[in-house]
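>>> Sharing a sequence plus its predicted fold:
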Amino acid sequence: AESLHSSIGLLGISAGSLLLAVHFYSSPRATPLIPSTALGVLLLIFSSLLAYAGIRRSLRNASLFLSLCLTISVFWCGYGVVFILGGQGVLNDAGDFRNALVPGLVAFTLALLIIAAVGFLCREVILAMVASALSLASAHEVAMRYSAAFGSSAVACNYMIVCFVGGYFALGRTLYFLTKEKIAIPGTDLAKKKTHEQIQSTSGSVNHFAATGLILNMLSASVFGCRLLGVTGKLFIGQVPWLWAAGIYQIGICILSYRAMDVLMATFFGFTSILKFAGGYCLLYPVWQPEEPSFPTPFLVVFSILFVLLALFLALKSPADGVYLLVYVAYCIALACRPKGFFEGGPQGVDVAIFVASALMTLIHLYNAKAGAKIPTGKGAVKALLARSSFLKLREGADLHAPYLGYSKYADAEVLGYACSVLASFAITMPGDPQAPLATVVIPWVVVAGGILKLLGGSVAFARGKTLESSAFILYAVMWIIWGLTRYGGLYGTTRSFHAAVGIIAFMLFNGFIVFCTLFLNIAWFFYSLTFSLVAVSFLLDAIHALPAGYDIAATLIFGLVSFYCFLSALFSSIFEGSCLPMGRPIVQLSGVGGGMTKCLHLPARKASSVKRIADILKNGGTCGIPTDTVYVLVAACNRPDAVEKAHHSKRQAQDRPMSLWISSLKQLEPAKHLFTPLLWDFMEAAWPSPISLVVPRGEWVDFLGMKDSAKYVGTPQSVAIRIPDCSVTTHLIDLVGPIVVTSANPTGEADTTHHNQVYAKLGDKVDAVLCDGPSPENIASTVVDCTKIDGGNIGFFRVGIIPKSQVKLILILFLLP
């Protein structure tokens with residue numbers, strides 16, 4: 001799969017380059033060989049292919065290949081849409097076409113040159129040659145757009161170089177497979193690169209997507225910076241594809257950064273995507289209105305404050321990245337100071353600074369992710385400084401982003417979710433003009449921040465097991481999108497309607513249920529959901545034309561301040577240990593409700609290190625919830641009587657449901673084999689490993705397991721149930737610990753637990769750890785067979801579970817009885 005995605009990526013780049021080479025060779029003709037619209041559509045297809053190849057290959061930590069594929073993908077995405085606009089007559093003349101193309105070409109000339117430089121320095125010759133050829137092609141095209149002396153053949157020649165390099169790579173991979181890995185042409189052997197990068201990846205969590213996000217910042221800054229420097233003649237609709245392509249890809253980088261467990265950079269990329277969509281919206285606005293739109297000052301001031309806080313916290317992890325974010329603080333302040341925002345010289349000057357700073361940070365991130373020697377960014381200095389502090393301690397370690405309810409592939413997105421609530425609430429404090437609702441730039445802030453990014457936060461929260469929080473985020477996102485488009489998108493007009501009121505009342509009913517549920521969550525979430533009800537009431541009063549003066553502003557300000565506190569609390573929790581700004585305890589604490597509020601250790605079962613940690617906990621007298629071949633169970637080590645007794649009391653074990661014994665193989669009972677009858681021993685060998693528990697006569701063999709006084713909690717005075725599970729994780733754990741005592745991971749009388757989330761909910765405050773493996777493979781418990789009279793040829797059944805009676809009896813007949 002790794003080789004496949006690399007091949008798809010490079011061959012996709014070669015195919016797209018061949019397409020562009022044909023286009024530029026034929027461009028001097030009166031009628032181009034490939035029409036502009038068709039060329040644009042084909043480039044969009046190749047763009048999607050490269051995005052897929054880059055993301056899939058990135059799972060192997062191929063940072064340079066990832067950056068190259070995603071950079072070319074977003075380049076061809078914006079490039080293709082510009083060609084489609086030209087083919088459809090939106091771009092009227094050659095000047096418009098030049099003004100539309102040049103900002104993107106300038107940005108990608110430098111971005112690809114940086115990738116090429118890092119490639120040559122790190123001996124990635126194939127990727128470096130592709131990047132340098134594409135960079136030269138973009139540079140030649142910029143020159144061609146401004147001077148007829150530069151012919152299009154020079155651009156086409158550079159694209160042909162990419163085709164030849166791609167052909168060389170394809171030949172190398174073909175020979176590699178045909179000769180069964182005996183012949184590897186230099187530069188096409190992926191095995192050596194894989195080994196080097198996997199060794200690097202073990203040293204710590206690295207966000208390989210950050211470099212691409214920084215390149216996207218270069219792209220958006222180039223659009224406005226080129227206008228200030230006179231490279232382009234105007235800002236207009238032709239440059240929107242670059243901005244919105246960068247915005248869409250930036251949201252994708254935000255998601256992938258959560259996948260890379262980088263909360264702060266993911267939040268930063270979410271913030272910058274908002275600015276990109278807002279910039280594109282402003283360039284679209286003159287299409288239907290002659291004047292330029294104005295900006296709501298309160299929103300931009302709040303946005304700059306959020307950037308400052310994010311920069312401060314990011315500086316604790318990487319001072320260089322923190323300083324870089326300060327450029328965006330200046331950008332928001334510049335936008336707030338100029339009523340026309342992106343069209344003014346001040347913000348455009350900061351865009352030039354963003355372009356330069358982003359290029360420098362791209363070089364640092366790419367080089368540090370790939371090379372052995374690192375460019376210093378100040379990480380060690382801040383870490384050493386905080387190590388002396390007794391008040392603030394950085395969160396570190398393998399469980400830094402471990403979810404509250406088990407294993408997740410994503411870091412927590414609550415920081416971004418709360419920040420978006422702050423932005424959306426302060427954005428709608430600006431009253432819109434009913435006669436010209438689009439004249440004030442509010443839609444991007446409300447729809448993108450309050451809607452799209454909040455939906456993203458809700459989806460990530462759901463993936464991390466936070467069902468209530470995700471439901472609230474998604475509900476509020478839908479509300480922000482609908483109300484933002486209705487009130488500030490010209491859909492509402494000056495009329496008022498009870499149809500809108502009915503929809504708002506439905507939202508309020510849903511939110512009422514969320515408010516009730518947050519009583520059992522924490523105080524901060526209760527006020528967060530309650531204050532949103534005040535916002536919803538303001539929407540309702542506005543819908544029926546009964547809104548008191550100033551109520552909507554007061555409601556949104558209150559909600560914004562509560563959201564700001566939640567943002568700070570989540571930000572502190574993501575960086576520091578302890579609760580510097582606590583979210584509070586549940587307002588209502590009922591017996592049996594919120595059993596998992598105490599955070600016990602949760603470890604993914606797919607990691608061998610997790611199983612070892614669970615084994616260490618059991619050896620030290622702890623109790624744990626673990627997955628099995630049937631349902632989840634609660635276990636303790638047999639040789640720890642204190643743990644066995646603890647497990648018994650935590651379950652309030654009923655006398656008619658005694659605890660059982662599990663072993664990993666019969667070798668663990670080998671010293672006591674003489675205490676079992678030959679028929680019973682043979683039957684155990686034939687039946688296990690499987691989800692069959694055998695109830696055998698109690699005897700002296702129990703003493704071999706070291707339970708001592710706690711033996712009274714296992715089985716009955718006459719018998720004990722014993723089993724070897726058919727689960728590699730469980731048997732490996734027993735190999736490490738020894739025989740274990742087992743009971744179902746649920747309070748007595750309740751249904752079996754079939755997911756680690758249920759273990760948290762029911763026993764989260766009574767166990768020391770949970771080994772998380774998602775849904776159980778089966779929803780039915782094991783079959784319990786009575787073997788106390790097996791020597792007489794008779795077996796009974798205490799419980800018929802996943803294995804039917806007929807199958808158990810067949811084992812007895814076929815393997816044991818003559």
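Here it is on my side, so go on.
>>> Which of the helices or strands spans the residue nearest to Phe169 when sequence neighbours are not counted?
In space, Phe169 comes closest to Leu10 once its chain neighbours are excluded; the distance is 5.0 Å by C-beta to C-beta, 6 or more residues apart in numbering. For glycine as for every other residue, the C-beta is placed from the backbone atoms N, C-alpha and C. Applying DSSP states H and E as the criterion places Leu10 in helix 2-26.
>>> buried sites along that helix?
Using 16 or more other C-beta atoms under 10 Å as the test for burial, helix 2-26 gives 5-25.
>>> wait, what's in contact with Ser471?
458, 514 (C-beta atoms under 8 Å, 6 or more residues apart in numbering).
>>> ok, it to Ile811 distance?
Separation of Ser471 from Ile811 (C-beta to C-beta, to the nearest Å) stands at 48 Å.
>>> Kindly report the same for Ala53.
51 Å.
>>> neighbour count winner among those two?
Ala53 (25 against 17; other C-beta atoms under 10 Å).
>>> what sits against that one?
5-6, 8-9, 12, 69.
>>> quick revisit: could you double-check that the residue nearest to Phe169 lies in contact with Gly167?
No. Taking contacts as C-beta atoms under 8 Å, Leu10 lies outside contact range of Gly167: 9.9 Å.
>>> got any residues that touch both of those two?
Between them, Leu10 and Gly167 share no contacting residue, judged by C-beta under 8 Å, 6+ apart.
>>> thinking again about what came up before, quick check: of the contacts of Ala53, which lies closest to His602?
Each of the contacts of Ala53 was checked against His602 using C-beta to C-beta; the closest is His5, at 31.7 Å.
>>> number of nearby residues for Gly345?
So Gly345, with other C-beta under 10 Å, has 12 neighbours.
>>> Would you check that it makes contact with Leu228?
Yes. Proximity of Gly345 to Leu228 meets the contact threshold set by C-beta under 8 Å, at 6.1 Å.
>>> Could you report the pLDDT at Met274?
For residue 274 the amino acid is Ile, not Met. pLDDT for Ile274: 94.
>>> Run a quick neighbour tally on it.
24.
>>> dump the residue contacts of it.
423, 444-445, 448-449, 453.
>>> Same list, those residues, but as a markdown table with pLDDT, distance to Ser650 and neighbour count please.
Formatted as a markdown table, the contacts of Ile274 follow (pLDDT from 0 to 100; distance: C-beta to C-beta, whole Å; neighbours: other C-beta atoms under 10 Å):
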| residue | pLDDT | distance to Ser650 | neighbour count |
| --- | --- | --- | --- |
| Leu423 | 91 | 45 | 26 |
| Pro444 | 83 | 52 | 22 |
| Trp445 | 83 | 50 | 31 |
| Val448 | 88 | 48 | 27 |
| Ala449 | 87 | 45 | 31 |
| Leu453 | 92 | 42 | 27 |
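>>> Now flag whichever of those residues is closest to Val240.
The closest of the contacts of Ile274, once distances to Val240 are taken by C-beta to C-beta, is Pro444, at 12.4 Å.
>>> So the closest one belongs to a strand, correct?
No. Judged by DSSP: H, G, I helix; E, B strand; the rest coil, Pro444 forms no part of a strand; its state is helix.
>>> That one: what's it in contact with?
Counting by C-beta under 8 Å, 6+ apart, Pro444 touches 274, 277-278, 281.
>>> Now it. Nearest residue, chain neighbours left out?
Per C-beta to C-beta, 6+ apart, closest to Pro444 is Ala278, 3.8 Å.
>>> swap in Ala605?
Excluding its sequence neighbours, the residue lying closest to Ala605 (C-beta to C-beta, 6+ apart) is Asp773, at 3.8 Å.
>>> Near that neighbour, how many other residues are there?
With other C-beta under 10 Å as criterion, Asp773 counts 22.
>>> check contacts around it.
407, 604-606, 627, 729, 756.
>>> which of the residues you listed count as buried?
Counted by 16+ other C-beta under 10 Å, the contacts of Asp773 give 407, 604-605, 627, 729, 756 as buried.
>>> Just the ones in strands from the residues you listed, please.
Judged by DSSP state E, the buried ones among the contacts of Asp773 include Pro604 as members of strands.
>>> Quickly note the distance from Asn327 to Leu309.
No, residue 327 isn't Asn; it's Val. Distance, Val327 to Leu309, using C-beta to C-beta: 15 Å.
>>> Which one's more surrounded, the two?
Val327 (21 against 17).
>>> one step back: and the helix holding Leu10, what does it pack onto?
Applying 3 or more C-beta pairs under 8 Å, 6 or more residues apart in numbering; DSSP states H and E, one finds that helix 2-26 contacts helix 36-58, helix 63-87, helix 125-146, helix 152-178, helix 190-201.
>>> Of these, which is nearest Leu112?
Comparison of the helices and strands packed on helix 2-26 against Leu112 by C-beta to C-beta identifies helix 125-146 as nearest, at 3.8 Å.
>>> Could you check how sure the model is about the helix or strand hosting Phe572, as an average pLDDT?
Following DSSP H and E, one finds Phe572 within helix 551-575. For helix 551-575, mean pLDDT is 91.
>>> Could you give the separation of that helix from the chain centroid?
23 Å (C-alpha atoms, centre = their mean, to the nearest Å).
>>> which parts of stretch 138-151 are buried?
Buried-residue list, stretch 138-151, by 16+ other C-beta under 10 Å: 138-142, 144-145, 150.
>>> These into CSV, with extra columns for pLDDT?
Listed next are the buried residues of stretch 138-151 as CSV, based on pLDDT from 0 to 100:
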residue, pLDDT
Ser138, 94
Ala139, 94
His140, 93
Glu141, 93
Val142, 93
Met144, 91
Arg145, 89
Phe150, 79
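>>> For the stretch 301-450 of the chain, give me the ranges with low pLDDT.
386-392, 395-408, 431-439 (pLDDT under 70).
>>> one more time with 50, if that's ok
398 (pLDDT under 50).
>>> My read is that the residue nearest to Pro444 contacts Val442, right?
No. Using C-beta under 8 Å as the test, Ala278 is too far from Val442 to be in contact (9.8 Å).
>>> ok, the two, which is more surrounded?
Between Ala278 and Val442, counting by other C-beta under 10 Å, Val442 is the more crowded of the two (27 against 24).
>>> close enough to count as contact, the more buried one and Ser425?
No. If you go by C-beta under 8 Å, Val442 and Ser425 don't touch, sitting 11.9 Å apart.
>>> can you give me the angle the helix or strand harbouring Gly104 makes with helix 125-146?
Assigned by DSSP H and E, Gly104 belongs to helix 94-121. Interaxial angle of helix 94-121 relative to helix 125-146 (axes from the mean of the first three to the mean of the last three C-alpha atoms, to 10 degrees): 160 degrees.
>>> now for helix 94-121, which elements pack on it?
helix 63-87, helix 125-146, helix 210-228, helix 240-259, helix 345-370.
>>> Now do the contacts for the residue nearest to Phe169.
Residues near Leu10 by C-beta under 8 Å, 6+ apart: 126, 130, 165-166, 169-170.
>>> Next, give me the two most distant ones among the residues you listed.
Pairwise over the contacts of Leu10, using C-beta to C-beta, the maximum falls at Val130 and Ala170, 12.8 Å.
>>> what number of residues lie near Asn92?
With neighbours defined by other C-beta under 10 Å, the count for Asn92 comes to 10.
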